[in-house]
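>>> What shape does this take:
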Amino acid sequence: MVAINTQARDILAENSLAADERTVYERFLSIKDVADRLNISSRSVWRLIARCEFPKPVKIGSVSRFSSIELNAFIENLKQKRAK
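Okay, the predicted model is just below:
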């Protein structure tokens, strides 16, 4: 997960404001929140994780949650791949 967080910081740094000029708050999202954001099913999210194409969740007790920063980095990476 460190590589994803580094990638998220790099993406933020490329935006119009410098990374040190903005505050980034990390939220932890449910599988439903992630699936809704990507407009895919929860099962599809789990398949992406199984294929190592999506960051693994963080366990908080018995609940799995996903980093909003890693989700945003994943989406930005998809956009960059599309542009190539």
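
>>> for the longest helix seen in the chain, packing partners?
Across the chain, the helix with the greatest residue count (assigned by DSSP state H) is helix 68-83. Packing contacts for helix 68-83, counted by 3 or more CB pairs under 8 Å, 6 or more residues apart in numbering; DSSP states H and E, involve helix 2-14, strand 28-29, helix 31-38. The way it works is simple: take the backbone N, C-alpha and C, and place the C-beta from them, glycine included.

>>> and these, which one is worst for confidence?
Within those, the stretch with the lowest mean pLDDT is helix 2-14, showing a mean of 60.

>>> how near is the residue nearest to the spatial centre of the chain to Arg65?
A centroid search over the chain (CA atoms, centre = their mean) returns Leu71, at 1.4 Å, as the residue closest to the centre. Distance check for Leu71 against Arg65: by CB to CB, to the nearest Å, it reads 11 Å.

>>> anything in contact with each of those two?
Counting by CB atoms under 8 Å, 6 or more residues apart in numbering, the common neighbours of Leu71 and Arg65 are Leu29.

>>> for Pro55, helix, strand, or coil?
Reducing the assignment to helix, strand or coil with DSSP: H, G, I helix; E, B strand; the rest coil, the entry for Pro55 is coil.

>>> separation between it and Gly61?
If you measure Pro55 against Gly61 using CB to CB, the figure is 19 Å.

>>> now the chain, which segments are flagged as low pLDDT?
For the chain, residues meeting the criterion pLDDT under 70 lie at 1-23.

>>> Next, the contact list for Val58, please.
Val58 is in contact with Met1, Phe28, Ser64, Arg65, Phe66, Ser67, counting by CB under 8 Å, 6+ apart.
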